[in-house]
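# sharing a model that was predicted from the sequence below.
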2 protein chains.
Amino acid sequence: MDSGSHNSISPTEENYLKAIFKITAGAGLASTNAIAQEMETSPASVSDMIKRLSRKHLIDYEKWKGVSLTKEGRILAITLIRRHRLWEVFLVEKLHFAWDEVHEIAEQLEHIASEKLIERLDEFLGTPKFDPHGDPIPDAEGIFAKRKQVLLSELNALETGVIVGVHEHSTAFLQYLDRMDLVLGAVLKVQEIFEYDGSMRIELENKTSLVLSSKVSQHLFVQRQKP
Amino acid sequence: MDSGSHNSISPTEENYLKAIFKITAGAGLASTNAIAQEMETSPASVSDMIKRLSRKHLIDYEKWKGVSLTKEGRILAITLIRRHRLWEVFLVEKLHFAWDEVHEIAEQLEHIASEKLIERLDEFLGTPKFDPHGDPIPDAEGIFAKRKQVLLSELNALETGVIVGVHEHSTAFLQYLDRMDLVLGAVLKVQEIFEYDGSMRIELENKTSLVLSSKVSQHLFVQRQKP
DNA sequence: AATAATTTTTAGATTTGTCTAAAAGTTAGA
DNA sequence: TCTAACTTTTAGACAAATCTAAAAATTATT
C-alpha cells in the first residue's frame, strides 16, 4: 500500500527513535536490551517496535543484531531534540520555570507536529544555540553547535572555568547546583584538589568558597579560561 | 504532579468531552449521533466511548437517552477550552501566526498536561480575556467573560459597531475577513440595508465602503456604539 | 395500533502498544 | 567443545480506539 516515507509517526515511535539516537549517539548499533532499559519497557515490546520502525524505514535491522537509525530516522530524532530544547528555552526564559522543572513538559511539547511552529518559536527565542542545561540545539538543518568544553574534574588547581553545561539532568543534581549558585555562566577558579577523595575546593566570583565532590565535578561541563 | 482526578484521561477522551460540551453548551443532553457528527466518527464508536467516559464519571448516561457532562467532566472541558484559547493568543500575539492558521496547532497544544504551564502562559500573555477570534477565555475558575454583543446583521441602518468576534471559524471566512480589513476592533457604520437579499453596505473608519452579504453579517459579532 | 424510519447499541474484527512466559539463538566459561 | 548464561524473538493476551454490519429500541407516519 504505502511505499516508504510518509506514514505518520506516533509519539511512542518518536520516543523510540530518540532513545535509539541517544544510545547510538547518532551512528552505530543499539541492542534490544539497551533500548528496553532506556524506554523502561520489556525487551519483548522493543522487539515488536523494532519491526514497526523497520517497516517504516526509520531504522535498519537484522535479527539478533542491533538496530541503527536510517538517514530518515536520524533526521527525525534530531528534529525531536531540536523541538525539545527550544521548548525548554521557552519555558525557562519566557515562562520563568526553573531548569529542573522543564524536562517533563518539553517531553510532551516536542511531539507537537508543525514545522512552522518550531521555526517561529526559534525566531521568537532569538535562535538560541544552547538549552537551559547547556545542551546544544541543532539548527533547522540538524547541525549541532560545538564548543570546547571539559568536565570540571579535568581542570587543574588554579585553573579558571565558566560553567557551560551539565552532564546529568536529574532533578536532585540540578536543585543542588541551584542551591550552590552553580548556574550556567558562573565563573569559578579551582583552589585545590584533594587526592584523598577527588573532591575540589573552588571559588566563585563573589569569593564564595565551595568544596565539590568528585561526583559533582564529573557532571559539570566548563570552558577553560585564560588566567 | 498534575490536577485532581483519578484515572488518567487520553487526548481522544478529552476531545469527546469538548465535543459534548460544545453540543450541550455546558448543560443539557447530547445524542450519540450528534457526537458522532461532531467527532467525525461512527455512532458505534461513540457508543463505546460513552461507556468509557461514563465509567470514569465524566458523563452521565442512560441507555437510549442522551449524555450530559458531570461536574468533573464539565470542569475538564472548560479547562481544555481555556488551554486552547490561551495557546491561540500565544500563537497570534507572540509567534505572529494569522488567525486562520492557529486552530490545528492549538488543537494539539491543548492536550499538554501541566496546570503550572497554563497558569504561567496566562501570566506571560497578560491574562487575556478573549482569543484571536473574539471567543472568551475562561479564567482558572472556569468563568467566561461576558460581553454585550450582537450579530452585525442585527444592526439597523446608521448604527455603529465594533467587531468583537466571529461566529464561524472556517479558514475561508477568516481569510475573507482579513482581505476586507474586517479585523477584531474595526469600527464600522451601517450605511444601508438591502431588503432584496439582506446584504448591507457598511463604512469603515478609513471611509472604505463595503457591501457584505447576509451570510457575512450573520457570522460577525459586533458591539453597538452610541453615535 | 401497526409498520416504517431513524437512532442507538451490540457483535466481531483490526491496529497500536503493551505485558508475561517460553522458545530460540548467541556468547562465554570450564 | 559443550554446557551455562545471556540476549533476543515468538506466542498468546490484553486494553484503547476504531471500523462495518447487524440487531434492538425508539420515534414518526399512516
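On my side now, so go ahead.

# CA atoms of stretch A:168-180 as PDB?
Extracted as PDB, the C-alpha positions of stretch A:168-180 are listed here (Å, rounded to 0.1, in the frame of the first residue of the first chain):
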ATOM      1  CA  GLU A 168      23.500  14.800  34.400                       C
ATOM      2  CA  HIS A 169      19.900  16.000  34.200                       C
ATOM      3  CA  SER A 170      18.400  14.700  37.400                       C
ATOM      4  CA  THR A 171      16.200  17.000  39.500                       C
ATOM      5  CA  ALA A 172      18.300  16.300  42.500                       C
ATOM      6  CA  PHE A 173      21.500  17.400  40.800                       C
ATOM      7  CA  LEU A 174      20.000  20.500  39.200                       C
ATOM      8  CA  GLN A 175      18.500  21.600  42.500                       C
ATOM      9  CA  TYR A 176      21.800  21.000  44.300                       C
ATOM     10  CA  LEU A 177      23.500  23.200  41.700                       C
ATOM     11  CA  ASP A 178      20.900  25.900  42.100                       C
ATOM     12  CA  ARG A 179      21.400  25.900  45.900                       C
ATOM     13  CA  MET A 180      25.100  26.400  45.400                       C
END
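
# other residues contacting the longest helix seen in chain A?
Ranked by number of residues, the top helix in chain A under DSSP state H is helix A:71-89. Helix A:71-89 is contacted from outside by A:5, A:9, A:14, A:17-18, A:20-21, A:26, A:53, A:57-59, A:69, A:102-103, A:105-107, A:109-112, A:118, A:121-122, A:125, A:128, A:131-133, A:135-140, A:142, using Cβ atoms under 8 Å, 6 or more residues apart in numbering or on different chains. Any C-beta I mention is one placed from the backbone N, CA and C, and that applies to glycine too.

# which of the residues you listed are close to DNA strand C?
Among the contacts of helix A:71-89, proximity to DNA strand C is found for none (Cβ under 7 Å from any atom of the strand).

# and the gap between the residue nearest in space to the middle of chain A and DNA strand D?
Residue closest to the mean C-alpha point of chain A, counted by Cα atoms, centre = their mean, is A:Asp135 at 5.4 Å. Between A:Asp135 and DNA strand D the computed distance is 27 Å (Cβ to the nearest atom of the strand, to the nearest Å).

# wait, that residue sits on A:Gly165?
Yes - taking contacts as Cβ atoms under 8 Å, A:Asp135 lies within contact range of A:Gly165: 6.4 Å.

# could you find the closest non-adjacent residue to A:Asn21?
Actually, residue A:21 is Phe rather than Asn. What sits nearest to A:Phe21 in space, not counting adjacent residues and going by Cβ to Cβ, 6 or more residues apart in numbering or on different chains, is A:Ala77, at 3.7 Å.

# still on that earlier bit, now the longest helix of chain A: average pLDDT?
Across helix A:71-89, pLDDT averages out at 97.

# which parts of chain A sit against DNA strand C?
A:10-13, A:39, A:41-42, A:44-45, A:48-49, A:52, A:64.

# those residues: which two are farthest apart?
A:Pro11 and A:Trp64 (28.6 Å; Cβ to Cβ).

# what's in contact with the host helix or strand of A:Val164?
Applying DSSP states H and E as the criterion places A:Val164 in strand A:160-166. Contact partners of strand A:160-166, identified using Cβ under 8 Å, 6+ apart, comprise A:130, A:133-135, A:147, A:149-150, A:152, A:155, A:173-174, A:177, A:182-190, A:219-225, A:227.

# only whichever of those residues are buried, select them in PyMOL.
Command for PyMOL that selects the buried part of these, burial taken from 16 or more other Cβ atoms under 10 Å in any protein chain shown:
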select buried, chain A and resi 130+133+134+135+149+152+155+173+174+177+182+184+186+188+189+190+219+220+221+222
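
# among the contacts of strand A:160-166, which are located in helices?
A:Phe173, A:Leu174, A:Leu177.

# surely the second one meets A:Glu101?
No - if you go by Cβ under 8 Å, A:Leu174 and A:Glu101 don't touch, sitting 9.0 Å apart.

# quick check: domain ranges of chain A?
Following the assignment in automatic domain parsing, chain A carries domains at A:11-69, A:150-225.

# which residue ranges of chain A form strands?
Secondary structure of chain A (DSSP state E): strands at A:59-61, A:67-69, A:150-151, A:160-166, A:187-193, A:200-204, A:209-212, A:220-225.

# please identify the most buried of those.
Compared across those, strand A:67-69 shows the largest average neighbour count, a mean of 22 (mean count of other Cβ atoms under 10 Å in any protein chain shown).

# show residues contacting that one.
A:17, A:20-21, A:24, A:26-30, A:32, A:35, A:50, A:53-54, A:58-61, A:77.

# give me the below-cutoff pLDDT ranges for chain A.
Low-confidence segments of chain A, defined by pLDDT under 70: A:1-6, A:227.

# what about A:Thr127, neighbour count?
For A:Thr127, the neighbour count with other Cβ atoms under 10 Å in any protein chain shown is 12.

# which residue packs closest to it, ignoring adjacent ones?
A:Asp139 (7.9 Å).
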